[in-house]
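Participant: With the sequence up front, the predicted model follows.
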Amino acid sequence: MSDAVSASTGSVRVCGIAPGGRSSAADAVRAVTGSRRNGRPFVSLRNLDIRRVRRTGSRRRVGGIVLIDAPGEPGLSRVAVTAGKEVGGAVERNRAKRRLREAVALAPIRSGRDYVLIAAPGVVEAPFEELTTWVRLAVDVEDDR
């Protein structure tokens, strides 16, 4: 298929890097920050950054969550959500992570910070309002520093 419109399918080729253009994970993240992906005010944190945040960040426990935060890229809020096997089987861990992602979307997280949220066993059973309160309290403690 050429770059022009295909006569047989009516489609246009849109994939690929523009001539002289760059492609990197950082560029992709910057492209996402212009709009809220999935309605969330944050971007997912990747493995190397998760390790950095866990190693150097400040840690606090509120209710059934542990929040670790560290300085990140200016202008970005990046979040990782984890749930270990003590939370339960795969279904419970995935449910806990989904609930925490939604709670973080409602919390006033700051740009330029990287956050790692770790679910404790009570996250799956806790009422959602209580879960959002835990996240807001953990973020508020971080804002007071």
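Facilitator: Okay, I see it.
Participant: Could I get the buried residue list for stretch 88-104?
Facilitator: 88, 92-93, 95-97, 99-101, 103-104 (16 or more other Cβ atoms under 10 Å). For glycine as for every other residue, the C-beta is placed from the backbone atoms N, C-alpha and C.
Participant: Rebuild those residues as CSV, extending it with secondary structure and pLDDT.
Facilitator: Shown next, in CSV, are the buried residues of stretch 88-104 (DSSP: H, G, I helix; E, B strand; the rest coil; pLDDT from 0 to 100):
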residue, secondary structure, pLDDT
Gly88, coil, 93
Glu92, helix, 94
Arg93, helix, 94
Arg95, helix, 94
Ala96, helix, 94
Lys97, helix, 93
Arg99, helix, 93
Leu100, helix, 92
Arg101, helix, 91
Ala103, helix, 91
Val104, helix, 89
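Participant: Which of the residues you listed sits closest to Ala120?
Facilitator: Ala96 (8.7 Å; Cβ to Cβ).
Participant: pretty sure that closest one is in contact with Ala119, am I right?
Facilitator: Yes. Here Ala96 reaches Ala119: they are 4.1 Å apart, a contact under Cβ atoms under 8 Å.
Participant: what touches both of these two?
Facilitator: 83, 87 (Cβ atoms under 8 Å, 6 or more residues apart in numbering).
Participant: Nearest to Ser44 among the buried residues of stretch 88-104?
Facilitator: Compare each of those with Ser44 using Cβ to Cβ and the shortest gap goes to Arg101, at 9.2 Å.
Participant: For the closest one, give its distance to Tyr115.
Facilitator: 11 Å (Cβ to Cβ, to the nearest Å).
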